[in-house]
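**Q** I would like to see how this sequence folds:
(chains A and B)
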Amino acid sequence: MLGMEDGLIGLAWLLSLGSALVCIIYGAIKWNNSGDKE
Amino acid sequence: MNLPLLTVILLIYLGIITHLVYLGYRRTSTDEDFMLAGRDIHPGIMALSYGATFISTSAIIGFGGVAAQFGLSLMWLTFLNIFVGVFLAFAFLGVRIRRMSLNLGSDTFSSFLGQRYQNKRLTVFSGLMIFIFMPAYTSIILIGGARFIQQVLNINFDIALFILAVIVGFYVITGGLKAVMYSDAFSALVIFTGMLFLLIGAYRSVGGVISGHRQLARISDLVPAELMEMGHQGWTSMPAFGSSLWWTVFSTIVLGVGIGVLAQPQLSMRFMTVRETKSLYQAVIVGGVFIFVVIGSVYMVGPISNLYFVQQEGAIAQQVVSDGNPDLIIPTFISRIMPTWFLYLFMLTMISAAISTVSSLIHVQGTAFGRDIYLSLLRRDAKDDQPQPASPEQGSTDFPAGAAFVSRVGVLIGLGAAVLLAYVLPGGVIARATAFWFGICAAGFLPLLLGALYWKKASGRAALWSAVSGYVVSIGGYLFLHAAEASEIGLAAALVGRETLLEFPWTVIDPLVYALPVSFLVFVIGSLLDEGPGEEHTARCFAGIREEQQN
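**A** Next up is the predicted model:
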């Protein structure tokens, strides 16, 4: 993947991208929810 | 050196930073402004300030150089930095730290632990550990900034370090958290943009991402023999499983820094600076994107620099830089592939990144000295869980002039110790010293911090013994077992005539790997055997936490 020879390195890259997306999505959902209750 | 260009960039940059510091300083009127930026900072500013404090010259210069040596396996640290250092830290621990510190009226990491556990000895012990060992980390932040100045201005390292120490000294003395958080956020924005440019520039210099990685895989026979023997299998491959390099990359670098971030006093305090839980959810978005781009870029640019140097100069990165010092790889690479204006801007970014982190560390260290150690010892007869909770409006004004003076003395001692250490530490030490500091903090503080936030029955005595055992076992490991430090310190050699007490793999397993379980066990077993805190105190600590977490 992306020319990275070792699958475990590709996995680390994917997990990093996934974690960044989790931060964005989770943050947005919780931010929205806590906004509704105020 | 292009002096007119450097002067123009320097003046613009200093103008912006000075204005931001003045803005924060002018708004610093109460003690709580000084300690916690008034608990009312904008979530975006908080996240960027956290980012700039977390990602300092250590990560970019030190760990970037390590990535150039060891390869893309450091991408695992990127994953942990985002998942643990931002997601878990902000959305789970941060939410509880903010609320509980507000319930207890605590404004330093050590006072928070001491009040939560109703154990003043814990406040003094943790303040002492911070005060004694933090210079190990502060000094290498200074070294990172000085290495960049050395490379860009082509001056002697000692002179570069002196220049940086003077700038940082001026900045730190103005003090106060609010004053630094605005300029931190600006530094973070410049770091973010700079790293994006660098990432694009690096891959353009070697013909694109996929082509670059494929070519990098092809030159794996150029890995130095010494690293190959340790288990290096090329920059696009993982180190051989169980080899000494594998243990170094995964137990020291990935685990030590990846997990240790949760127990960093200067970062935990950042969660106390926002007004409401909602702010932390906004901050997690900014933090996740920032760390992904900045750290992801550093750990990809480091390895790819080898390919550039081989193509242009016929040797890998570590052979190109002077003395083979890995801390010079990233500064050298940037100076080769980027335009001069970018180089100067990046140098100023590194200086301000060093300033933001050092001022934050020194702030924590000074208050550990003045408030957590001096004030706690001064009031031996006071109750353990003083002061009573302060509401955000009234602020905690309980800060006698004597303690403020002692805090400033602590700041000066902390800065002096850091500068002195920066002069005597050997080259290429940045990543190792960072891992040491993050490792001992994780072993000493992580179990009792998690217990404070999630376990109502956690006992104060168990927490103190857990902290003591974590620090003793991890520091003992560095002195007697972990070869990288033990052989240089030479204590084991002086006592038993051997560099380390045990053989491989103990010589390469980071002490965190065994110190953290020991400290966890002491904490859990101790708490189960001891009486827990009274219900009234527990109710006060945990007031409102469940509601906030469920929102």
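**Q** residue 20: which element?
**A** You didn't pick a chain, so chain A it is. Using DSSP states H and E, the element containing residue A:20 is helix A:7-36.
**Q** chain B was what I was after
**A** Here residue B:20, judged by DSSP H and E, is contained in helix B:3-26.
**Q** now do the same for residue A:35: its pLDDT.
**A** If you check residue A:35, the pLDDT there is 59.
**Q** got it, and residue B:159?
**A** The predicted structure lists residue B:159 with a pLDDT of 92.
**Q** then the helix or strand where it lies to PDB, C-alphas only?
**A** Of the helices and strands defined by DSSP H and E, residue B:159 is found in helix B:157-174. What follows is the C-alpha trace of helix B:157-174 in PDB, where atoms were taken according to Å, rounded to 0.1, in the frame of the first residue of the first chain:
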ATOM      1  CA  PHE B 157      26.100  24.700  18.800                       C
ATOM      2  CA  ASP B 158      27.100  26.200  22.200                       C
ATOM      3  CA  ILE B 159      26.500  29.700  20.900                       C
ATOM      4  CA  ALA B 160      23.100  28.600  19.400                       C
ATOM      5  CA  LEU B 161      22.100  27.200  22.700                       C
ATOM      6  CA  PHE B 162      23.100  30.400  24.500                       C
ATOM      7  CA  ILE B 163      21.000  32.500  22.100                       C
ATOM      8  CA  LEU B 164      18.000  30.200  22.600                       C
ATOM      9  CA  ALA B 165      18.400  30.100  26.400                       C
ATOM     10  CA  VAL B 166      18.400  33.900  26.600                       C
ATOM     11  CA  ILE B 167      15.200  34.200  24.400                       C
ATOM     12  CA  VAL B 168      13.400  31.500  26.400                       C
ATOM     13  CA  GLY B 169      14.500  33.100  29.700                       C
ATOM     14  CA  PHE B 170      13.000  36.500  28.800                       C
ATOM     15  CA  TYR B 171       9.800  34.800  27.700                       C
ATOM     16  CA  VAL B 172       9.400  32.500  30.600                       C
ATOM     17  CA  ILE B 173       9.800  35.200  33.300                       C
ATOM     18  CA  THR B 174       6.700  37.000  32.000                       C
END
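**Q** and the angle from it to helix B:3-26?
**A** Regarding helix B:157-174 and helix B:3-26, their directions subtend 30 degrees when assessed with axes from the mean of the first three to the mean of the last three Cα atoms, to 10 degrees.
**Q** buried ones in the helix or strand following helix B:157-174?
**A** Next in sequence after helix B:157-174, counting helices and strands by DSSP H and E, comes helix B:177-205. For helix B:177-205, a neighbour-count test (16 or more other Cβ atoms under 10 Å in any protein chain shown) marks B:177-188, B:190-192, B:194-195, B:197-199, B:201-203, B:205 as buried. C-beta: built from backbone N, CA, C; applies to glycine.
**Q** and chain A, is helix B:177-205 touching that?
**A** No - when contact is scored as Cβ under 8 Å from any Cβ of the partner chain, no part of helix B:177-205 falls within range of chain A; the minimum is 10.7 Å.
**Q** show me what that helix is packed against.
**A** Applying 3 or more Cβ pairs under 8 Å, 6 or more residues apart in numbering or on different chains; DSSP states H and E, one finds that helix B:177-205 contacts helix B:3-26, helix B:31-36, helix B:43-54, helix B:277-313, helix B:329-337, helix B:340-367.
**Q** so for it, mean pLDDT?
**A** Looking at helix B:177-205 alone, the average pLDDT works out to 84.
**Q** mean pLDDT lowest for which of the helices and strands packed on helix B:177-205?
**A** When the mean pLDDT of each of those is compared, helix B:31-36 ends up at the bottom with a mean of 63.
**Q** how about chain B: which residue is closest to chain A?
**A** With Cβ to the nearest Cβ as the measure, the residue in chain B that lies nearest chain A is residue B:288; the distance is 2.5 Å.
**Q** how near is the residue in chain A that chain B sits nearest to to residue B:78?
**A** Using Cβ to the nearest Cβ, the point where chain A gets nearest to chain B is residue A:23, with a distance of 2.5 Å. The spacing between residue A:23 and residue B:78, counted by Cβ to Cβ, to the nearest Å, is 13 Å.
**Q** of these two, who's got more company?
**A** Set side by side, residue A:23 and residue B:78 give different neighbour counts by other Cβ atoms under 10 Å in any protein chain shown, the larger being at residue B:78 (30 against 27).
**Q** isn't the more buried one up against residue B:293?
**A** No - using Cβ atoms under 8 Å, residue B:78 is not in contact with residue B:293, being 10.2 Å away.
**Q** skipping its backbone neighbours, what lies nearest the residue of chain A closest to chain B in space?
**A** Distances taken as Cβ to Cβ, 6 or more residues apart in numbering or on different chains put residue B:288 closest to residue A:23, at 2.5 Å, once the chain neighbours are dropped.
**Q** test my guess that that neighbour contacts residue B:86.
**A** Yes - with contact defined as Cβ under 8 Å, residue B:288 and residue B:86 form a contacting pair (5.1 Å).
**Q** what do the two both touch?
**A** Listed contacts common to residue B:288 and residue B:86 are A:19, A:23; contacts here mean Cβ atoms under 8 Å, 6 or more residues apart in numbering or on different chains.
**Q** give the contact list for the residue of chain B closest to chain A.
**A** Residue B:288 sits next to A:19, A:20, A:22, A:23, A:24, A:27, B:82, B:86, B:87 when contact means Cβ under 8 Å, 6+ apart.
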